[in-house]
Structures are given as C-alpha cells and as structure tokens.
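Engineer: here are the coordinates; sequence isn't available:
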C-alpha cells in the first residue's frame, strides 16, 4: 500500500479523534479572539491524520485536526525554512521579495525591509504578541515582530543536549545529518522548554487579546530525541518509503541536480542507515506531537479556550529517499506538501477535511479576516475563511511553490506542474500517479493542462537578495 492510498483509508479514522467544538463566548466586537499560532519545523505529511506513513503515532496532532479543518493539500511557498517562513510571516511571495534560500537576509529585501509581519499587524490592532522557539529561521530573528520572545529576541531557539561521539549513524562529513536516541528526560529538550513557556503564557491573566506564537524545532535535523520515542519504532518493523530507483530518468537536469542522488541517498544506502533514519524522523515527530499535546491541553484548561483560534502549520515537507533525495530543497510532493490545520470557535466544524490546494501564504489574510483586523493591500495570499466555512467552496488557484529564482511548481487538486528556469518541465497526474514517478510533460495530450496551470506562474521574479557577509552553507 503506498502512502497516498493510505491517506484515503485513514480519512474516516481521523474522525474518531474529533471533539465537540466550542463557540466564541461573545461577538468579536465585544471579545476579540486570541490566536495560538503553532509551527513545526520540517514536518511532512507523516502524521496520522494525513496518512503519509502507516507507522507514525501522532495522537495529539490527529486529535487537534479532528477539532477543526485539516487542509489535506497544503503547500509551502518555498521548500526551505527561511524563504518559507519569511513568505508566511509577511504574506509576500519569494518571487516578489527575492528571498529564495536559507542564507538570504529577508529584512534586506527592498520589498520586505519595511514589511509589516503578522504579529506586527496584530500589535497595531491592540493585541499583545509574544513568541517562543522557531518561528523565523534561526539566522534571522525579527525583534520588531514581538513584544517579548523566548529564550530571547536574538536567540530564538533553546539549546538541545547533544550525544557524545557524534555522528551516531557513522556517516562522516554530513554535519547535522545524524540520528539516534539521547539519554535525557524530555524536560531538557529545547522543544519541551518552548512548550513549558507557552503553557505559562496561557496561564497568565491577559488584559488584551493575545497572539502567542509557539515554534517547535523537531523533526528538524539532527534527530536526537529521548530513547522512549525511538523505542516506539523498532527498525525491523518500520515501513520504508516506496521508492523507484529509476525515478530521475525522466527528470530534467535541474531537477536531478536538486535531488543529488550521489549525496545523502548514496551515503544512507552505503552505511545501511535507511531504516534507522526513518526511525529517527518518526521518533522526532512523536516527540514533537507530545509537545503539541501539552500546549493544547493547557489551552483547554485555561480561561481562553472558548475564544482562541488555533492555527498549526509546518514550514515545508521532507524527503526520506523519494526521488533518491533527502531533506527538502526540491519542487516535488514530498518537499512541498506540509501540515495546516485550523480550529476557529464559532466558524469551523469538527472533523472537516478540505482538499483544495492552499499555501502558507494564505494564513496572513485568513487571520486578518477571522480577527476583524484592517486589511493589507500588499499581501499576496488569499483568505481561507470561505474554505473554513465550506471545504467544497470554489477555489480555482493552484498552490505555488518556488525554489530559486524562476523555478516554480504549481499544484492543483489533480496535477503538479514544474517549470524550471531553463524552460524544462515536469507534469504529474495525481489521479494516476500519486508518487510522481511518470513525468508526462512531453505528452502532447497534456498541452492544455500545462497551459492552464502556467497562467498562475508569477510574472515577477526579482533577483535574489544576498549579503556579502553571509556566506553560510545552506543547511
């Protein structure tokens, strides 16, 4: 059974986790809704409610999805932390800002230099706005976005304990591309510290509506989490991704260069680490699922439960051998598909699944509408409120993902269309080819499909924003 078929089979079971929904205790004019804004780093669709992997255990994420709307076709603006998060938080496409890769200093973009971020817009409308953990990419914190931050405005991520004698997996010269258990209690992990901080924020008495951003780092590399999470996934019983060894044969050279099959994938195979790598990723997901559950449970116990919008998102997906590729940094389904769910008291119903193709760019205008804030002309997303109310509402626009200047992917409910900077193309029909093994871009009978999708390609593709002092290797 492949991962997409599993998604279909688990659609019904997700409803079992649904809980009764609540309603705003008063109209927004009388009692402005709060926002709990939760981010998870590098999380693909390997969560129970999305069915991306048959072995995964994510009871808290599944339970949260059952309380509201789960977007089953949600996609990132860029398959890398910095450009994805900069786009999400400002509402501006990478092709408009020039922020395409992790080293690009987003506040040095002429377009984003004075951009008003989501929390800034909320603060301008009377909200308090605080954050903890990873919301922006680590190299580029943004103090103007927050009144306070944990651990600090300059250091957004708490440190994690590291195991001795790294790398654990025995693969040399791969920096933090490593995995294995650590012999420490959960409380010493950075994400648990972020969860504890968020819990304290929810326990406070607030004299104004709040915007609390809670960003979790796992399952970002390295996959070091306490042993009990590794014990949940015995390597000999793990299901490996369904991979076609000839998958890159019909992929244009630019796409093959992104995949780097002689890099991580070859090393993982050579050192016989595929099962343990999947174990590490699944373990990290279950660890962060526990952190999410702690925060949601505290919200439910608090005085704010009936008047708080929950938005939970991940910044992009992740490959674990599909297309002979590891990490993100590609325009295929595994790197672009991510998690998005919303629980909006008085608006969303329980256990709703929406298959319309949406992007993280749409979160900003959605929150503006839900919280009755003044609109912003320059943001480029589209409010998801119509889909929150009716998941079958008309939605023509495909989801756009950009990786590097002039490299774009468009995802409709049925097709993925990729056009690279040199004009080469890929096209996949998800009704027939859910794993994107058969590139049909060269088949003349799909010319009209490509033409219609190409209408949504960005007309503006500005130069990349770079800084001479920033020579860091992309992680």
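Structural biologist: Okay, I see it. The model shown is predicted, which means the values in this text are computed figures rather than measured ones. Numbers count the residues shown, from 1 in each chain.

Engineer: report how many residues lie close to residue 284.
Structural biologist: Using other CB atoms under 10 Å, residue 284 has 27 neighbouring residues. All C-beta spots, glycine's among them, are computed from the backbone N, C-alpha and C.

Engineer: give me the pLDDT value at the residue lying closest to it once chain neighbours are set aside.
Structural biologist: Leaving aside its chain neighbours, residue 284 sits nearest to residue 219 (3.5 Å; criterion: CB to CB, 6 or more residues apart in numbering). As predicted, residue 219 sits at a pLDDT of 98.

Engineer: buried ones in whichever helix or strand residue 388 is part of?
Structural biologist: If you go by DSSP states H and E, residue 388 is part of helix 385-389. Using 16 or more other CB atoms under 10 Å as the test for burial, helix 385-389 gives 385, 387, 388.

Engineer: in CSV: those, plus pLDDT and distance to residue 342.
Structural biologist: Converted to CSV, the buried residues of helix 385-389 look like this (pLDDT from 0 to 100; distance: CB to CB, whole Å):
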residue, pLDDT, distance to residue 342
385, 98, 10
387, 98, 9
388, 98, 6
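
Engineer: and which of these is nearest residue 71?
Structural biologist: residue 387 (7.7 Å; CB to CB).

Engineer: contact partners for that closest one?
Structural biologist: Residues in contact with residue 387 (CB atoms under 8 Å, 6 or more residues apart in numbering) are 69, 71, 354, 356, 358, 393, 395.

Engineer: most surrounded residue in the residues you listed?
Structural biologist: Counting neighbours by other CB under 10 Å, the top entry in the contacts of residue 387 is residue 71, with 28 neighbours.

Engineer: and for stretch 202-214, what's in contact with it?
Structural biologist: For stretch 202-214, contacts defined as CB under 8 Å, 6+ apart pick out 32-39, 118-119, 122-123, 126-133, 135, 146, 194-195, 197-198, 201, 295, 298-299, 302, 304, 371.

Engineer: these in helices, which ones?
Structural biologist: Judged by DSSP state H, helices contain the following of the contacts of stretch 202-214: 118, 119, 122, 123, 194, 195, 197, 198, 201, 295, 298, 299.

Engineer: may I have the phi/psi pair for the residue nearest the centre of the chain?
Structural biologist: In the chain, the centroid-proximal residue (CA atoms, centre = their mean) is residue 314; its distance is 2.0 Å. Dihedral angles of residue 314 (phi, psi; degrees, to the nearest 10) stand at phi -120, psi 160.

Engineer: residues contacting the closest residue to it other than its chain neighbours?
Structural biologist: Nearest in space to residue 314, with sequence neighbours left out and distances taken as CB to CB, 6+ apart, is residue 43 at 3.7 Å. By CB under 8 Å, 6+ apart, residue 43 lies in contact with 219, 285, 288, 314, 317, 318, 338, 339.

Engineer: quick one: residue 269 is in a helix?
Structural biologist: Yes. Checked against DSSP: H, G, I helix; E, B strand; the rest coil, residue 269 lies within a helix.

Engineer: just the pLDDT at it, thanks.
Structural biologist: Looking at residue 269, its pLDDT is 97.

Engineer: I'm done for today, thanks for sticking with me.
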